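>>> any chance you could fold what I've pasted below:
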Amino acid sequence: MEQSDTPGVVGAADTAMRIGAGLSGHLSPVQAAEQAAQQCMEGLEGHRPDLAFVFFSSHHIDAAQSIVAAIERRLNPACLIGVSAEATLGGEVELEGTPGISIFAASLPGVHIKGFSTDQLPGVREGIEGEMDLQAMREIAGLGGVRGGRHDAPHRATFLFVDPFSVPVNNLLPLMARARSLPDALTQIGVVPARLAQLSSDATQPLPRPFGPIIGGMASASPRPEGNVLILNDRIMRNGGVGVSLAGNVRVDTLVSQGCRPVGPTYVVTGVKGQLVTGLGGRPAIDALKDLLDSLGGKQREQLQRGLFLGRAIDEYKTRFGRDDFLIRNVFGVDQAHSAIAVMELLKVGQTVQFHLRDQATATEDLALLLDAQQLHERPAGALLFTCNGRGIKMFDSPHHDARQVMKAFNIMPAGEEAAKMGFPVRASKVPGAEKHFALAGFFAAGEIGPVGDQVFVHGQTACLAMFRTQ
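Now for the predicted structure:
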């Protein structure tokens, strides 16, 4: 669906962004959707949402159509997109192992909104034939923004949710990144071809970026094909993927926070066979694994009970690597016959890798540092959080970890003296004169989709945050 203007219910000339979020754990899917939608209305302040996201647990999969109908009755969003999940979150609460519906609704004046499904995109399975396919993908998915009207509207962000059993996401994401960054996208910000050639040859002047991030997550409610549900407006799908692109008067900033810590030395991959890594640093891969296990101390051996991971270096040209320089992939077994380790990734000879352990201290510190850096910018109007289904209470000693860290960073509370007055609960939106409660919604994904520089990857063990700000 494409929307070229933003018809708010109150004040057509009002250009302020308004965002509301809601979460309900009600056992009835209809009542849960209505409750979450009602909570959204507080932040929308009477405006019709141009865009709404809904995330719902496996308990509500069979009621997807009823959930859509309830949201349409309450909010009537111009564009609705959703995905089923292992767990949902909203505000400071993460609902793990229990029914949950989380809704994020936004009134976005001056923003062009284009919804799409992956079955509309060329080359997802068969591969791209040429630049014409990339151009078609860019147009269908809204990756090039909007051009040709009274005002050009550059691409600001694309949100993507996919079923892990029916979408080859490792093929799709590079194609979308290529389509988004086609050279003629630079004309949107006034860079003519001659100037582009000059910039490309001048290493001291980085190319401008006329496009936003691609971010989202993989459906996680079911471990079986056709067990998940994806929503795009009135379409209810059991496979494929759905997305929505934004262009114009909005800025979407992102962060990708790692949840693992590197251990042992880095290695160059010297042998692979499918998903089996047979050689590391010129030695059998299983020998490198044995060396690592022998070197682990008591605390690290405890962390090993939560799984072993292999990180692939994102930038092969770096000489020194930190914990945020790797894409984390599960090590899911060993093959004694081939002296190999089995990894959830198709690695290549020559790539740099390092073993990792899932570590709650590292995860807490990394997310806190990235959120601290956001204090240099204006407070977002709201945010979407896509966190790994291996985090939550599977990683941390206490529940609601990631949601609480985000809310702590952005939810402006009243001064202690004001909050202590009788008659008011300690919540910013309920205290006279205080700013409204920060709008946060999201879900636990089976793989988080997030940017690293100009590229986009499926991550593991991460928390990916998308923050909505005025442009």
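>>> quick one: residues contacting the closest residue in space to Arg180 that isn't next to it in sequence.
Using C-beta to C-beta, 6 or more residues apart in numbering and skipping residues adjacent in sequence, the residue nearest Arg180 is Leu143, 4.0 Å away. For glycine as for every other residue, the C-beta is placed from the backbone atoms N, C-alpha and C. Neighbouring residues of Leu143 by C-beta atoms under 8 Å, 6 or more residues apart in numbering: 137, 155, 158, 176, 179-180, 211, 245.
>>> could you measure from Leu143 over to Ala52?
21 Å (C-beta to C-beta, to the nearest Å).
>>> over to Leu347?
39 Å.
>>> nearest the geometric middle of the protein, what residue?
The residue lying closest to the centre of the chain (C-alpha atoms, centre = their mean) is Gly216, at 3.2 Å.
>>> tell me if I'm right that Pro284 and Ile341 touch.
No. Using C-beta atoms under 8 Å as the test, Pro284 is too far from Ile341 to be in contact (9.6 Å).
>>> tally of neighbours for the residue lying closest to Thr462 once chain neighbours are set aside?
Of all residues not flanking Thr462 in the chain, Glu448 sits nearest, at 5.0 Å (C-beta to C-beta, 6+ apart). Per other C-beta atoms under 10 Å, the neighbour tally for Glu448 reads 26.
>>> on that earlier part again, can you tell me which of the contacts of Leu143 has the lowest confidence score?
Minimum pLDDT across these is recorded for Phe211, with 89.
>>> ok, Val146 touching Arg156?
No. If you go by C-beta under 8 Å, Val146 and Arg156 don't touch, sitting 10.6 Å apart.
>>> more crowded one of the two?
Neighbour totals were compared for Val146 and Arg156, and Arg156 leads with 23 against 20 (other C-beta under 10 Å).
>>> from His377, how far off is the residue nearest to the more buried one when sequence neighbours are not counted?
Counting by C-beta to C-beta, 6+ apart, Gly212 is the residue found nearest to Arg156 once chain neighbours are left out, at 4.2 Å. Distance of Gly212 to His377, computed by C-beta to C-beta: 15 Å.
>>> quickly note the distance from Asn239 to Phe55.
In terms of C-beta to C-beta, Asn239 sits 18 Å off from Phe55.
>>> okay, these two: which has more neighbours?
Phe55 (33 against 18).
>>> is that one bridged to anything, and to what?
Val83, Ser102 (DSSP bridges).
>>> mind checking pLDDT for it?
98.
>>> ok, it touching Ala87?
No. Assessed by C-beta under 8 Å, Phe55 is found out of contact with Ala87, at 9.1 Å.
>>> need the overlap of contacts for these two.
Joint contacts of Phe55 and Ala87 (C-beta under 8 Å, 6+ apart) are 100, 443.
>>> and Gly248, how many neighbours?
Gly248 - counted by other C-beta under 10 Å - has 22 other residues nearby.
>>> the chain should start at 9 in everything you say after this.
Okay, residue one is now 9; in that scheme the one you just asked about reads as Gly256.
>>> next up, the contacts around it.
Gly256 touches 118-120, 153-154, 161-162, 164, 479, counting by C-beta under 8 Å, 6+ apart.
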